[in-house]
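Colleague: Just the structure for this:
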Amino acid sequence: VGNRDDSNLYITMKLKAAAEIGISASHIKLPSTATEADVLKCIASLNADPAVHGFIVQLPLDSNNPINTEKITNAVAPEKDVDGLSSINAGKLSRGDLGDCFIPCTPKGCMELIRQTGVQVTGKRAVVIGRSKIVGAPMHDLLLWNNATVTTCHSKTSTLAEEVGKADILVVAAGKAEMVKGEWIKPGAIVIDCGINHVPDSTKASGKRVVGDVAYDTAKEKASYITPVPGGVGPMTVAMLMQSTVESAQRFLEKFQPGKWTIQYNQLTLKVPVPSDIEISQSCIPKPIDQVAGEVGLFPDELEPYGQTKAKVQLSVLNRLKNQPDGKYVVVTGITPTPLGEGKSTTTVGLVQALGAHLHQNVFACVRQPSQGPTFGIKGGAAGGGYCQVIPMEEFNLHLTGDIHAITAANNLVAAAIDARVFHELTQSDQALYNRLVPSVNGVRKFSDIQIRRLQKLGINKTDPMALTKEEINSFVRLDIDPATITWQRVLDTNDRFLRKITIGQSPTEKGFSRTAQFDITVSSEIMAVLALADGLDDMKKRFGKMVVASSKKGQPVTADDLGVTGALAVLMKDAVKPNLMQTLEGTPVFVHAGPFANIAHGNSSVLADKIALKLVGKDGFVVTEAGFGADIGMEKFFNIKCRYSGLRPHVVVLVATIRALKMHGGGPAVTAGVPLPKEYTEENLQLLAQGCSNLNKQIQNARLFGVPVVVAVNAFKTDTKAELALVVQKAKEAGAFDAVECTHWAEGGKGALALARAVQRASQAPSNFRFLYNVELPIVDKIRLIAQQIYGARDIELLPEAQEKVALYTKQGFGNLPICMAKTHLSLSHDPEQKGAPSGFVLPIRDIRASVGAGFLYPLVGTMSTMPGLPTRPCFYDIDLDPVSGGVNGLF
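Modeller: Below is the predicted model of the structure:
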């Protein structure tokens, strides 16, 4: 602070020394007008910057404003206090914790000089003259903890000469010129002179010379070793500052070594019978989220906490860890489920708890954020269940950090922009449109960046708005959207069946422009798919710009970039692109990010979360992610879409199966949510079970098509018998699974998934020959046929007229080389949810095809399904309420 000549000189010396040995050093210079708050703000910034291993505050602080020096020095983080002046470092030194503190540089340099003499300090009598916090007091402590007998003298010591005469080691830091006389010194003593004083000397050009606190000429005759002034302690002080900075960097690298985790796991207290999910969740006290982040190697400035239990993680961590090897990549999928679900989320959490809390492996779970539609509708929450949950489950199942709300806002901004643009083009002339799109501000017209891109797309290489011809203005201002081709719908994160088909534009102000439209569930929005597949903020923005919302009347695709909305979408989604950090019941880390449905989208959590997690766990760690619904849907899209865009290659597939679902596939009665299970599912029936294993066999084959080892996790329920569980394990191995194990994690937490975890470890070491099912360069119809025949078991496909038209349109528009994302029921391998087991020989009807060009896939619509679910007669929200005593959440979720 300020501009003192002596401070500038000292700093220049330190910068020069740093440069000589390869330390990157810089000088932060605050003006003399700086306040205490200014200095503290600067210190806080340096404390949080992982690129800074150490910093010093040059004293005195030359400010016109009052500044508390003690407060300033204590604001420096102890682990970066390479000057050793903070009270914490001083306290550790006084207690003898020499390996866990920084020692002030001058005493440290003095000690190094004493060591260089070869004289043993242990047992020697040492005298320190001076008791300053910078030299005297820490020098006393340093000698004491090096086993010297130490006496501290000062200006009030009456027998100073007598005490000096007893010293084998004498350190003087009194600040008085030649105060210690040579005749006082014990013959053979080591003398360290820390003083710098100016005395008159007419022989010098400056009229003065520098002397120490010891009368050097007479003292050197008696001392065995003595430091000169100048040139003695001063250079050592600078050298020790450099050494402390190197030590700080070494400690930092040791503490934040990528892949080296030290985690505090939570001990579960298991109860029988197993309480409700929310009771279990609320009985566990989560670790503070900044602790979780620190345990897995995230830096404080890479974390954006949202309260105590969840946080956003900065994407900059990927750049920091770009040279670190990835861990093992595991995807959890399942057989074709019942409407109740078969426990993929529970198995995902159980597996990571087993690998982490019980086998002490670095492991991350990467899961999707649930939609509030199903949460309040028929399914309830998706945080796992029993003793395998992401916590707090209320936070997980509700708003989390607002990502889905951001998607809703962004999606509906596009929808509003489409209809507004159609309206304005219908009601205004070319020139009126141009005047509004490129307004004159203070007499100057200027194109925005996004308008320049539109001009370039049209082949108009002009940047002066006044230079466009009438024809060019017409092309520029008119998107000429054909309302019949608008594919972009409004969205809402609520199950509301009465929004499946609506009429918009009925107000008189819309001048008769109305059309039929619909609302979809938010998680079906292409913006959600883009979020899940984006490789970063820039990639997400580019994908937004490519999103096709309609066609022009000439059949040309109209994009979000054409609407001018791309930048606004990026602004709305700039925080949502960052993964959310949470934890499991047993304290293992979880990324919760993105939540596209698997039947009408690609059904996987984000690429970014997986990539960050793979770097954090290190080469021997594991990242376990979940693919939605059965292997025929979520897993196929995980491989053919997500892995294709991410470049990541999986090591193991975990296929979840239940006795209940397999009995259904064997011909058991219908399973309905909210209705008690028929006796066929609660009593042993090996014949029904064996018949149903056809679905298990097919899904194992589906996984093996991609060249990845398959481990089957049999998620055991209390009504399952030992014979039934053993039969499924046997059938799975016969079908080609690498291994198959019984799991009881729902009731026992990670302990109940130990066999699964060990099987996954073994499978991850097995040879993997990952391959895609199809080449994207194949024609659209051929890619659809390959999925239908190879994955579903169909004999062929049938494209209805609307689908045939779309094949021709998208091929013409240049979208024919995109991957395929089949929109199909999850309740059957076929298009008919009533067909169970492993049907074959059927023809798969494709009624339409739509394009998510920004996300990067085409999605054929198979059969009939709604993108806006409805509420059942008795929705889950009947059981959700606030606790009247605690104010917390009660309910089943």
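Colleague: Can you check the pLDDT for the closest residue to residue 624 other than its chain neighbours?
Modeller: Computed as CB to CB, 6 or more residues apart in numbering, the closest residue to residue 624 that is not its neighbour in sequence is residue 330, at 4.6 Å. C-beta coordinates here come from the backbone N, C-alpha and C atoms, glycine included. At residue 330, the model reports a pLDDT of 98.
Colleague: if I've got this straight, residue 330 is in a strand?
Modeller: Yes: applying DSSP: H, G, I helix; E, B strand; the rest coil, one finds residue 330 inside a strand.
Colleague: Run a quick neighbour tally on it.
Modeller: Residues lying near residue 330 (other CB atoms under 10 Å) number 27.
Colleague: Okay, now the sheet partners of the longest strand that the chain contains, with direction.
Modeller: As assigned by DSSP state E, the longest strand anywhere in the chain is strand 843-852. When sheet partners are counted by DSSP bridges, strand 843-852 sits next to strand 796-799 (parallel), strand 857-862 (antiparallel).
Colleague: Return the most buried member of those strands.
Modeller: strand 857-862 (a mean of 25; mean count of other CB atoms under 10 Å).
Colleague: model confidence over that one, on average?
Modeller: Strand 857-862 carries an average pLDDT of 95.
Colleague: Can you tell me what sits against it?
Modeller: The contact list for strand 857-862 (CB atoms under 8 Å, 6 or more residues apart in numbering) reads 529, 600-602, 641, 780, 784, 803, 810, 815, 818-825, 831, 844-852.
Colleague: re earlier: look up how far residue 601 lies from the residue nearest to residue 624.
Modeller: 22 Å (CB to CB, to the nearest Å).
Colleague: quick one, domains of the chain?
Modeller: 82-238, 404-573, 780-861 (the TED database).
Colleague: Can you check which of these gets nearest to residue 273?
Modeller: domain 780-861 (29.7 Å; CB to CB).
Colleague: distance between the ends of that closest one?
Modeller: For domain 780-861, the first-to-last residue distance is 13 Å (CA to CA, to the nearest Å).
Colleague: Repeat that for stretch 494-510.
Modeller: Using CA to CA, the two ends of stretch 494-510 sit 27 Å apart.
Colleague: Give me the buried positions along that stretch.
Modeller: 494, 495, 499, 505 (16 or more other CB atoms under 10 Å).
Colleague: and what of stretch 232-243?
Modeller: 232, 233, 234, 236, 237, 238, 239, 240, 241, 242, 243.
Colleague: for stretch 170-188, same thing?
Modeller: In stretch 170-188, counting by 16+ other CB under 10 Å, buried: 170-175, 177-180, 182, 184-186.
Colleague: Just the C-alpha atoms of it, please, in PDB.
Modeller: Extracted in PDB, the C-alpha atoms of stretch 170-188 (Å, rounded to 0.1, in the frame of the first residue of the first chain):
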ATOM      1  CA  LEU A 170      23.600 -14.900  20.100                       C
ATOM      2  CA  VAL A 171      20.800 -13.500  17.900                       C
ATOM      3  CA  VAL A 172      20.400  -9.700  18.000                       C
ATOM      4  CA  ALA A 173      17.400  -7.800  16.700                       C
ATOM      5  CA  ALA A 174      17.200  -4.700  18.900                       C
ATOM      6  CA  GLY A 175      17.300  -2.000  16.300                       C
ATOM      7  CA  LYS A 176      20.100   0.000  18.000                       C
ATOM      8  CA  ALA A 177      23.300   0.700  16.200                       C
ATOM      9  CA  GLU A 178      26.300  -1.400  17.600                       C
ATOM     10  CA  MET A 179      24.500  -1.900  20.900                       C
ATOM     11  CA  VAL A 180      26.300  -5.200  21.600                       C
ATOM     12  CA  LYS A 181      30.000  -4.700  22.300                       C
ATOM     13  CA  GLY A 182      32.700  -7.200  21.200                       C
ATOM     14  CA  GLU A 183      34.000  -7.600  24.700                       C
ATOM     15  CA  TRP A 184      30.600  -8.900  25.900                       C
ATOM     16  CA  ILE A 185      30.700 -11.900  23.600                       C
ATOM     17  CA  LYS A 186      31.700 -15.400  24.700                       C
ATOM     18  CA  PRO A 187      34.700 -16.600  22.800                       C
ATOM     19  CA  GLY A 188      33.700 -19.000  20.100                       C
END
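Colleague: start the count at 245, not 1, going forward
Modeller: Understood, numbering begins at 245; the last thing we discussed is stretch 414-432.
Colleague: ok so, going back, among the strands paired with strand 1087-1096, which comes closest to residue 388?
Modeller: Per CB to CB, nearest to residue 388 of those: strand 1101-1106, 71.1 Å.
Colleague: so can I have TSV of the domains of the chain showing distance to residue 899?
Modeller: As requested, the domains of the chain are exported to TSV (distance: least, CB to CB, whole Å):
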stretch	distance to residue 899
domain 326-482	49
domain 648-817	22
domain 1024-1105	14
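Colleague: can you give me the offset of stretch 463-476 from its chain's centre?
Modeller: Taking CA atoms, centre = their mean, to the nearest Å, one finds stretch 463-476 lying 58 Å from the centre of the chain it belongs to.
Colleague: now what about stretch 1065-1079, what contacts it?
Modeller: 580-583, 842-846, 872-874, 876-877, 880-881, 885, 939, 942, 1028, 1031, 1035-1038, 1080, 1082-1083, 1086, 1088-1089, 1096, 1101-1107, 1109.
Colleague: again, only using 7 Å
Modeller: Stretch 1065-1079 is contacted from outside by 580-581, 583, 842-846, 873-874, 876-877, 881, 885, 942, 1031, 1036-1037, 1080, 1082-1083, 1086, 1088-1089, 1101-1107, 1109, using CB atoms under 7 Å, 6 or more residues apart in numbering.
Colleague: Torsion angles phi and psi at the nearest residue to residue 1096 once chain neighbours are set aside?
Modeller: Spatially, and ignoring its direct neighbours in sequence, residue 1096 is nearest to residue 770 (4.6 Å; CB to CB, 6+ apart). When read as degrees, to the nearest 10, the backbone of residue 770 gives phi -60, psi -30.
Colleague: And residue 1021, by the same measure?
Modeller: According to degrees, to the nearest 10, residue 1021 has phi -80, psi -10.
Colleague: Could you do residue 263 as well?
Modeller: phi -60, psi -40.
Colleague: Just list the residues touching it, thanks.
Modeller: residue 269.
Colleague: Verify the contact between the residue nearest to residue 868 and residue 898 for me.
Modeller: Yes: counting by CB atoms under 7 Å, residue 574 touches residue 898, with 6.2 Å between them.
Colleague: Find residues that contact each of those two.
Modeller: Going by CB under 7 Å, 6+ apart, residues that sit against residue 574 and also against residue 898 are residue 1004.
Colleague: For the residue nearest to residue 868, list each beta-bridge partner.
Modeller: Under the criterion used (DSSP bridges), residue 574 bridges to residue 868, residue 896.
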